[in-house]
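Student: fold the following and give me the result.
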Amino acid sequence: MERQSLDQTPRYYLRINLYHRLLHGLLMASFLGLAATGMPLRFSQSTWAVELATAIGGFGAILFFHKTFAFLLTLCFFLHIGAVFYLAFVRGEIGVFWGSASMVPQPRDFIEMFQHFRWFFGIGPRPQFGRFAYWEKFDYWAVFWGMAIIGITGYVMWFSSFFGRFLPGGLFNIALLIHADEALLAVWFIFTIHFFNSHFRPEKFPMDLVIFTGKLSDRELQEERPAEYQSLVEEGSLERIQADPPPLWLRNLGRIIGFSVVATGFLLFGLTLLAFLSE
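Tutor: Numbers count the residues shown, from 1 in each chain. Alright, predicted model coming up:
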């Protein structure tokens with residue numbers, strides 16, 4: 001199949017299905033809610049944290065909303081794990097654990113990362129990325145690890161009367177320390193590294209809409225995922241994922257949500273960084 005010329009009406013291909021887009025929406029909303037309620041608890045002596053708590057109804061109200069968003073994020077986590085196990089053990093798509101469609105880091109990812117750094121400095125060609133690039137896997141596992149560590153320590157403190165029956169009291173202080181600092185690291189990572197990887201790369205700036213529309217244009221697929229494009233062509237699978245162009249209202253909605261989240265994230269990053277440096 002020849003590459004489509006740029007003056008033709010672009011074709012679009014499905015990259016992210018509706019389930020995963022909705023799941024990412026739940027993840028995005030719950031994480032933003034956790035950041036907006038958890039950081040005032042972490043920096044409760046800061047003026048901005050006190051003012052935010054007062055506007056909401058006090059630190060007790062913030063803690064209530066924090067626990068609510070924690071439950072939603074936990075739900076998101078288990079829905080994702082359930083989807084992975086469904087694909088692997090019900091539909092028999094074991095490739096989710098290893099292969100070109102897997103988020104598990106593989107030798108090729110380290111090679112592509114090295115090639116990418118060479119390309120950054122103009123001493124090598126740009127690597128031919130497949131379905132998932134190394135930085136996307138890094139983002140994925142950073143979030144996965146963070147959710148597990150922050151979640152476990154958070155639930156230990158939330159249900160302290162239960163866990164206190166068999167855990168020594170000193171562990172609750174350790175849990176609080178780990179929970180607070182790992183959460184701060186997660187907030188800084190998401191609102192800087194993840195935002196850059198997703199939206200501020202030159203080819204995507206100022207906003208990557210694929211997480212909202214679920215679709216990539218023919219040009220985007222060929223230029224950003226050449227290895228995946230070639231594989232789809234060779235397998236004869238390209239036509240099976242062809243989709244209608246995303247409607248204008250959906251693209252505009254994605255921009256509104258995306259820019260709102262990025263702006264909120266930058267604001268929280270700035271406030272937490274200022275509070276951290278002032279400690």
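
Student: measure Leu238 to Gly124 for me?
Tutor: For Leu238, the distance to Gly124 (C-beta to C-beta, to the nearest Å) stands at 28 Å. For every residue, glycine as well, the C-beta is placed using N, CA and C.

Student: now do the same for the residue sitting furthest away from the middle of the chain: its pLDDT.
Tutor: Farthest-out residue of the chain from its mean C-alpha position, per C-alpha atoms, centre = their mean: Arg165, at 35.8 Å. For Arg165, the model assigns a pLDDT of 92.

Student: what about Pro168, neighbour count?
Tutor: Using other C-beta atoms under 10 Å, the number of residues around Pro168 comes to 8.

Student: just Phe117 next, same as before
Tutor: 12.

Student: separation between Leu268 and Ser160?
Tutor: 27 Å.

Student: between these two, who's got more neighbours?
Tutor: More crowded of Leu268 and Ser160, by other C-beta under 10 Å: Leu268, with 21 against 14.

Student: surely that one touches Trp188?
Tutor: No - counting by C-beta atoms under 8 Å, Leu268 sits too far from Trp188 to count as a contact (9.5 Å).

Student: surely Pro168 is within a strand?
Tutor: No - applying DSSP: H, G, I helix; E, B strand; the rest coil, one finds Pro168 to be coil, outside a strand.

Student: distance check, it against Gln106.
Tutor: 41 Å.

Student: longest single helix anywhere in this protein?
Tutor: In the chain, taking DSSP state H as the definition, the longest helix is helix 248-278.

Student: buried residues, that one. List them.
Tutor: Neighbour-count burial for helix 248-278, counted by 16 or more other C-beta atoms under 10 Å, picks out 251, 254, 257-258, 261-262, 265, 268-269, 271-272, 275.

Student: avg pLDDT for stretch 93-107?
Tutor: Stretch 93-107 carries an average pLDDT of 89.

Student: mind checking the end-to-end distance for that stretch?
Tutor: Start-to-end span of stretch 93-107 (C-alpha to C-alpha, to the nearest Å) is 21 Å.

Student: read off the pLDDT value for the residue lying closest to Phe43 once chain neighbours are set aside.
Tutor: Nearest residue to Phe43, sequence neighbours excluded (C-beta to C-beta, 6 or more residues apart in numbering): Ala275, at 3.9 Å. pLDDT for Ala275: 91.

Student: what residues does stretch 214-224 touch?
Tutor: Applying C-beta atoms under 8 Å, 6 or more residues apart in numbering, the contact partners of stretch 214-224 are 3-4, 6, 10-18, 21, 129, 203, 210, 225, 228-229, 243, 245-246.

Student: can you say which of those are buried?
Tutor: Burial by neighbour count, 16+ other C-beta under 10 Å: within the contacts of stretch 214-224 this picks out 11-13, 15-16, 21, 129, 210, 225, 228-229, 246.

Student: ranges for the strands of the stretch 151-279 of the chain?
Tutor: Ranges of strands in the stretch 151-279 of the chain, per DSSP state E, counting those that start in this stretch, are 215-217, 242-243.

Student: now for the last one, which elements pack on it?
Tutor: Under the contact criterion of 3 or more C-beta pairs under 8 Å, 6 or more residues apart in numbering; DSSP states H and E, the helices and strands touching strand 242-243 comprise strand 12-14.

Student: which other helices and strands does the strand it packs on contact?
Tutor: So strand 12-14, by 3+ C-beta pairs under 8 Å, 6+ apart, packs with strand 215-217, helix 218-224, strand 242-243.

Student: direction included, what does it pair up with?
Tutor: Pairing partners of strand 12-14, with direction, according to DSSP bridges: strand 215-217 (antiparallel), strand 242-243 (antiparallel).

Student: hey, which of those strands is tucked in deepest?
Tutor: strand 215-217 (a mean of 22; mean count of other C-beta atoms under 10 Å).

Student: returning to that earlier point: between the buried residues of helix 248-278, which sits nearest Leu184?
Tutor: Distance to Leu184 across the buried residues of helix 248-278 (C-beta to C-beta) is lowest for Thr272, with 6.5 Å.
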